[in-house]
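Asker: Sequence plus predicted model, see below.
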Amino acid sequence: MNHTLQHNESVPSQKKKIIVLGSGPNRIGQGIEFDYCCVHGLLAIKECGYEAIMINCNPETVSTDFDVADKLYFEPVYWEHLWDIIELEQPYGVIVQLGGQTALKLAKRLHQRGIKIIGTSFDSMDIAEDRGRFSDLLKELEVPYPEYGTAFTADEAIEVANKVGYPVLVRPSYVLGGQRMRIVINDDDLEKAVVSLLKHIPDNKILIDHFLDRCQEAEIDGIFDGETFHVMGVMEHIEPAGIHSGDSNAVLPAFNLTPLVVTTMEYYAEKIARALDIRGLINIQFAIKDNKVFVIEANPRASRTTPFIAKAYQIPYLNIATKVMLDEVKLKDLDFEKKLDGFAIKEPVFSFNKFPNVNKELGPEMKSTGEAIRFIKDLRDPYFRQLYKEKSMYLSK
């Protein structure tokens with residue numbers, strides 16, 4: 001007679017537990033930056049007296065080192081695995097803000113099962129992630145944004161594009177790294193883009209935005225605790241809008257935006273964070289055309305630039321943000337001293353030499369596989385001047 005033996009080596013403790021969801025295997029759009037976020041989040045959780053549990057399946061990351069979390073589940077970041085762990089551990093809550101889009105996508109399932117999401121609520125995250133709901137919010141807040149429409153078929157998409165005006169940016173909801181995003185200039189190209197998108201991501205809502213051509217792009221990373229909004233950093237992209245933020249060289253702090261534009265960006269960022277009732281991190285992308293500021297999107301989580309800003313300013317922002325999510329600290333009680341003499345430049349790192357047949361042309365779909373940080377004393381630095389010269393040549397084409 002055969003007996004099936006089931007053995008579980010994980011013995012749950014009686015401590016109050018917090019689960020952190022990682023970003024899964026390294027891939028374009030997410031990986032090492034979010035690993036930094038998870039590690040500092042785990043350390044903050046332990047400092048607050050909770051048991052820190054990490055779920056991630058990437059052996060190349062620090063978050064899966066045996067001594068970082070109190071308990072590590074080396075499992076794929078999929079719902080089936082997560083639910084088994086939740087049933088066993090019975091955690092106080094789960095943090096989805098630190099593991100990129102992979103973690104954020106699981107928020108809906110957690111919400112449906114009544115599992116506590118630490119920090120921003122699922123509905124607030126969904127408003128930010130659902131491009132249609134988010135644009136409706138911006139309209140209500142009287143915050144400028146590019147004209148947009150939604151569609152589920154190629155015919156609907158063509159109708160929307162003719163209404164908002166070409167060129168248009170075509171994209172699906174709930175994606176990271178600009179996956180399947182395209183800039184198109186006529187009905188034929190739009191139809192091809194939509195058919196391709198629906199083939200790879202079936203039943204996805206398609207967003208069609210009017211594309212603001214030849215404008216400046218910038219972004220803000222911030223923390224909100226329900227009372228105080230803190231701007232971690234304002235980063236100005238050297239490449240124009242239309243090139244994915246992950247592929248752009250970006251400068252911290254902004255170097256060529258007027259004080260009025262920067263103040264307007266900060267004002268809009270705080271307005272959005274308050275309206276979404278953010279608890280923890282938010283990243284907002286802007287386009288600036290003729291000195292008018294437009295909001296492109298908001299990400300209710302750590303962005304890939306959050307670790308960059310923390311390192312450049314030498315402030316433990318991920319530790320602080322995690323404690324804000326846990327309601328352990330208030331931003332008004334903290335003193336933020338930004339230690340940066342000059343500017344920090346985020347340099348994208350590409351691996352085209354490993355993939356010689358890949359199209360090297362940059363666009364709205366991310367292609368860089370990492371990033372580096374370069375510090376310069378002032379804008380006379382030869383490296384920066386060369387970058388800016390290349391941008392000018394691009395815009396003059």
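Answerer: Okay, I see it.

Asker: you'd agree residue 33 is up against residue 371?
Answerer: Yes - when contacts are counted by C-beta atoms under 8 Å, residue 33 is listed as touching residue 371 (7.4 Å). Heads up, the C-betas are built off the backbone N, CA and C, glycines and all.

Asker: domain ranges for the chain?
Answerer: According to automatic domain parsing, the chain is divided into the following domains: 17-118, 147-210, 216-396.

Asker: What's the mean pLDDT across the last one?
Answerer: Per-residue pLDDT over domain 216-396 has a mean of 90.

Asker: buried sites along stretch 221-231?
Answerer: For stretch 221-231, burial by neighbour count (16 or more other C-beta atoms under 10 Å) applies to 221, 222, 223, 224, 225, 229, 230, 231.

Asker: how much space is there between residue 94 and residue 219?
Answerer: 27 Å (C-beta to C-beta, to the nearest Å).

Asker: scratch that, residue 46
Answerer: When C-beta to C-beta is the yardstick, residue 46 and residue 219 sit 30 Å from each other.

Asker: So which of those two has more stuff around it?
Answerer: residue 219 (24 against 15; other C-beta atoms under 10 Å).

Asker: Verify the contact between the more buried one and residue 250 for me.
Answerer: Yes - using C-beta under 8 Å, residue 219 and residue 250 qualify as a contacting pair, with a distance of 7.5 Å.

Asker: list residues touching both of these two?
Answerer: The overlap between the contact sets of residue 219 and residue 250 (C-beta atoms under 8 Å, 6 or more residues apart in numbering) consists of 235, 237, 305.

Asker: For the last one, which residues are in contact?
Answerer: With contacts defined as C-beta under 8 Å, 6+ apart, the neighbours of residue 305 are 33, 219, 221, 233, 235, 245, 250, 283, 346.

Asker: Could you rerun that using 10 Å?
Answerer: Applying C-beta atoms under 10 Å, 6 or more residues apart in numbering, one finds that residue 305 lies in contact with 33, 219-221, 232-233, 235, 245-246, 250, 252, 283, 312, 346, 371.

Asker: quick one, strands of the stretch 201-350 of the chain?
Answerer: Under the criterion DSSP state E, counting those that start in this stretch, strands of the stretch 201-350 of the chain are mapped to 206-210, 216-224, 229-237, 250-252, 280-289, 292-299, 343-349.

Asker: Give the buried residues for the longest one.
Answerer: Residues of strand 280-289 classed as buried by neighbour count (16+ other C-beta under 10 Å): 280, 281, 282, 283, 284, 285, 286, 287, 288.

Asker: Quick check: closest non-adjacent residue to the last one.
Answerer: Nearest in space to residue 288, with sequence neighbours left out and distances taken as C-beta to C-beta, 6 or more residues apart in numbering, is residue 216 at 4.3 Å.

Asker: surely residue 190 meets residue 157?
Answerer: Yes - with contact taken as C-beta atoms under 10 Å, residue 190 and residue 157 are classed as touching, separated by 5.8 Å.

Asker: Please identify the helix or strand for residue 101.
Answerer: Residue 101 is part of helix 100-104 when elements are defined by DSSP states H and E.

Asker: Give the full set of residues in contact with the nearest residue to residue 43 once chain neighbours are set aside.
Answerer: Spatially, and ignoring its direct neighbours in sequence, residue 43 is nearest to residue 319 (6.6 Å; C-beta to C-beta, 6+ apart). Residue 319 makes contacts with 40, 41, 43, 44, 45, 47, 310, 329, as judged by C-beta under 10 Å, 6+ apart.
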